[in-house]
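In: Turn this into a structure:
(2 chains)
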There are 2 protein chains.
Amino acid sequence: MSAFDGQHEHDWTDHDAHSHDADADQVEEQKAFFRCLAAFTHYKIHSLATLARRRRHYAALPSPHKLLLRNAGFEQKLDHAEQAVLQNFEFIKYIVAEESPFPYDEDAKKELSDSGSQESSESDMDRVRSTIRQVVRDWSAEGRAERDATYTPIMEALDRAYAYLPPSERHTVRVLVPGAGLGRLCYEIAKRGYSSQGNEFSFYMLLTSNFLLNRIQRPRQHVIHPWVHSFSHAPTAADTLAAVHVPDEVPGNLPAGVDFSMVAGDFIDIYGGVKERGQWDCVVTCFFLDTARNVCQYMDVIHSCLVPGGVWINLGPLLYHFEGSEEEPTVELSLEEVQSVASQFGFVFEESRMLDATYAHNPRSIMAYVYRCGFWVARKPGEEENVAE
Amino acid sequence: MSAFDGQHEHDWTDHDAHSHDADADQVEEQKAFFRCLAAFTHYKIHSLATLARRRRHYAALPSPHKLLLRNAGFEQKLDHAEQAVLQNFEFIKYIVAEESPFPYDEDAKKELSDSGSQESSESDMDRVRSTIRQVVRDWSAEGRAERDATYTPIMEALDRAYAYLPPSERHTVRVLVPGAGLGRLCYEIAKRGYSSQGNEFSFYMLLTSNFLLNRIQRPRQHVIHPWVHSFSHAPTAADTLAAVHVPDEVPGNLPAGVDFSMVAGDFIDIYGGVKERGQWDCVVTCFFLDTARNVCQYMDVIHSCLVPGGVWINLGPLLYHFEGSEEEPTVELSLEEVQSVASQFGFVFEESRMLDATYAHNPRSIMAYVYRCGFWVARKPGEEENVAE
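Out: Residues are numbered from 1 along each chain as shown, chains lettered A, B, ... in the order given. Take a look at the predicted model:
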């Protein structure tokens, strides 16, 4: 693996291998990795097939309606959408062309390939498309308003919590960012002088952040068309087809002493163990808590891995990703219940308010999901306060 | 069928029976009707099963986490959610207890029942749950803000278009409201003195609007718990469990001369025919256009059923319901393309702007879908302007 800016090696170590059922876990993980690679690779054929269907549907319209649509420029929209998809695929090729940062077994890959398990489902393709939109959120000028609404209050809270340190000493503060996505938040935290580690589970995110953090030569080097996959909610065809240049910034030049890394794997497996106990000064969760099946367990791990007196900064909605899932247990708590559980763990809330934010929102769309996010700064009691433990 | 306020008979006539393939259509429609009845009937067992699963998942948590949740009141939330579901079912029983306004064949019903086709899918249950939320939108005090944001601009545009008439003569204006849902908009139009006809295709909407328009004795007669089906996005458990009293108003007392009716069936089949050509002074489409597979066809029918010089008022997003559907053709147009097609049909835009609105939004939720709706008033040219036809 190549270094980040000549000094910062990303740590892709598979911590999962240390878990109780290491072999089975590893097989599952390799499968997930190959499925992800396959989905990226199938993007072109899938997306062109969708456009071919749009063309067939257009062709099947009554002739007078077809004429109306032709006059409105609908055929051109289809032609340009095809070009947009091909350009997206040029970007995707960079993501998957990288030498894989994840060690894998060639035999296992061949076996999976032979068994046809590399076919991509619609939900796999959804992940590819949402990864492209997430690139806009984290690494484009168009995503700036969204980042300002979410990352800025987090960083201001961080600065308040460590206001007693001169900026040159911030690197002694170790900040953990679970659910790091494409890495912009933990990179910004590092730029601000704190040592920061991102943790991410999704291979879609990991492959893409690896590319964006390590392989970019210049700002706006790549062009993507993130909104071309849906024709709904568009003021004009130009909005559907719009190009976004990425990234807005080439990662690098971190302040002296800052340790910046990305770690692949499951948050609970990695940071819930004895080795990580009391290792982190601050945990930042941004649009992360509701990815839990059991949010108590997330809070348990956050509490455990923090030093006494450590700070937990949270910002996010409560769109529980697993609500309605049948098999493995999943529980969904209200904001008040989440905060009650946090208090029971011993966290003391120093700030708590609501903040409006969007997530990977298309600013050209005539539809928006707006989240009123719970935002808080909570502190794990220091040792002297923890006499009962 | 009973009368509305002693004078206004609802016309549930099955216009579809006149279409080319009348018998097959009628069988399909009866199936859809029984599926809808079955879904309402299965609401209780389905919803209790969902809560039983939530209980099992809770019970499967590690004991320390269960204790945290118990202290946070989670068990009480589950108990109260059960009561809320039972209370919703009391309301549903009123909807389906009505003597059916749709004629059906007892043999066909028995055959369908024997074949097990009355089992309800998750998407059938979704329709029941979204019908309950739609009752809040159309018939509760809690839905008022949403109605003010959408129905009020429409009615103001209507009043501007017919400002030359004294209010006592408004009943001579015939207003058609396709996609009438639970009937509040077309009822408000009638209350304002215009003759109005709602058209609706969904049996979920039709059965529920029939109950709300015809069988209510007093305001706030019924209690529903519309937000109990999802535990996500809730500030507190009380928000998830909240009761809403419905309706806010008992329909009745329309101005003299006003003709108010609801017609069941497909908009294109009913209003696209020769009989309806030039029969309507005004068509009001509210959150309707994007329910089309082919929005050109909707505009074709709107244009055809309007009198020369007639008015089309539209307000809605472009969340195309059939985007991505494989079989039957479906096309998705941008706002600009929709307006280009409308102009090609000859419509002249007299007003056009964007308006923010929500749809069946839970005001207690910490998440909102916000639609920037296209709002316009367009006129079909009068006969003297139509020399080319």
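In: How about the contacts made by the nearest residue to residue A:340 once chain neighbours are set aside?
Out: Excluding its sequence neighbours, the residue lying closest to residue A:340 (CB to CB, 6 or more residues apart in numbering or on different chains) is residue B:72, at 3.9 Å. Where C-beta positions appear, they are placed from N, C-alpha and C, glycine not excepted. Applying CB atoms under 8 Å, 6 or more residues apart in numbering or on different chains, one finds that residue B:72 lies in contact with A:333, A:336, A:337, A:340, A:341, A:344.
In: export these to a markdown table and tack on secondary structure, neighbour count and pLDDT?
Out: Listed next are the contacts of residue B:72 as a markdown table, based on DSSP: H, G, I helix; E, B strand; the rest coil; neighbours: other CB atoms under 10 Å in any protein chain shown; pLDDT from 0 to 100:
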| residue | secondary structure | neighbour count | pLDDT |
| --- | --- | --- | --- |
| A:333 | coil | 27 | 98 |
| A:336 | helix | 17 | 98 |
| A:337 | helix | 25 | 98 |
| A:340 | helix | 18 | 98 |
| A:341 | helix | 22 | 98 |
| A:344 | helix | 16 | 98 |
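In: Please tabulate those residues in JSON lines, including the columns distance to residue A:144.
Out: Formatted as JSON lines, the contacts of residue B:72 follow (distance: CB to CB, whole Å):
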{"residue": "A:333", "distance to residue A:144": "32"}
{"residue": "A:336", "distance to residue A:144": "33"}
{"residue": "A:337", "distance to residue A:144": "34"}
{"residue": "A:340", "distance to residue A:144": "36"}
{"residue": "A:341", "distance to residue A:144": "34"}
{"residue": "A:344", "distance to residue A:144": "38"}
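In: hang on, the earlier thing: the residue nearest to residue A:340 and residue A:339: what is the separation?
Out: Using CB to CB, to the nearest Å, residue B:72 is found at 9 Å from residue A:339.
In: Over to residue A:282?
Out: If you go by CB to CB, the gap between residue A:282 and residue A:339 works out to 19 Å.
In: Looking only at neighbour counts, state which of those two leads.
Out: residue A:282 (24 against 19; other CB atoms under 10 Å in any protein chain shown).
In: The more buried one: which element?
Out: strand A:280-286 (DSSP states H and E).
In: Can you give the distance from the helix or strand just after that strand to the centre of its chain?
Out: The helix or strand immediately downstream of strand A:280-286 is helix A:295-305, counting by DSSP H and E. Centroid separation for helix A:295-305 versus its chain: 20 Å, with CA atoms, centre = their mean, to the nearest Å.
In: can you check stretch A:195-207 too?
Out: 7 Å.
In: Just give the nearest non-adjacent residue to the residue in the stretch 151-300 of chain A positioned nearest to chain B, would you?
Out: For the stretch 151-300 of chain A, the residue closest to chain B is residue A:231, as judged by CB to the nearest CB, at 3.5 Å. Nearest non-adjacent residue to residue A:231, counting by CB to CB, 6+ apart: residue B:332, 3.5 Å away.
In: Just list the residues touching the closest residue to residue A:336 other than its chain neighbours, thanks.
Out: Once flanking residues are discounted, residue A:336 sits nearest to residue B:236: 4.3 Å by CB to CB, 6+ apart. For residue B:236, the contact set (CB under 8 Å, 6+ apart) comprises A:334, A:335, A:336, A:337.
In: Which two among the residues you listed are spaced furthest apart?
Out: Spatial extent of the contacts of residue B:236 (CB to CB) is set by the pair A:335 and A:337 at 7.3 Å.
In: Note down every partner strand of the strand holding residue A:282 and its orientation.
Out: Applying DSSP bridges, strand A:280-286 is found paired with strand A:174-178 (parallel), strand A:306-316 (parallel).
In: Quick one: work out the angle between the first one and helix A:295-305.
Out: Same thing as strand A:174-178. Inter-element angle recorded for strand A:174-178 and helix A:295-305: 160 degrees (by axes from the mean of the first three to the mean of the last three CA atoms, to 10 degrees).
In: any idea which helix or strand comes after strand A:174-178?
Out: Taking DSSP H and E as the definition, the helix or strand right after strand A:174-178 is helix A:184-191.
In: what packs against the helix or strand that comes right after that following helix?
Out: Downstream of helix A:184-191, the first helix or strand assigned by DSSP H and E is strand A:195-200. Packing partners of strand A:195-200 (3 or more CB pairs under 8 Å, 6 or more residues apart in numbering or on different chains; DSSP states H and E): strand A:174-178, helix A:184-191, helix A:203-214, strand A:260-264, helix A:267-271.
In: Could you export these as a markdown table, including distance to residue B:131 and mean pLDDT?
Out: Putting the helices and strands packed on strand A:195-200 into a markdown table (distance: least, CB to CB, whole Å; pLDDT from 0 to 100) gives the following:
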| stretch | distance to residue B:131 | mean pLDDT |
| --- | --- | --- |
| strand A:174-178 | 39 | 98 |
| helix A:184-191 | 41 | 98 |
| helix A:203-214 | 36 | 96 |
| strand A:260-264 | 45 | 97 |
| helix A:267-271 | 39 | 97 |
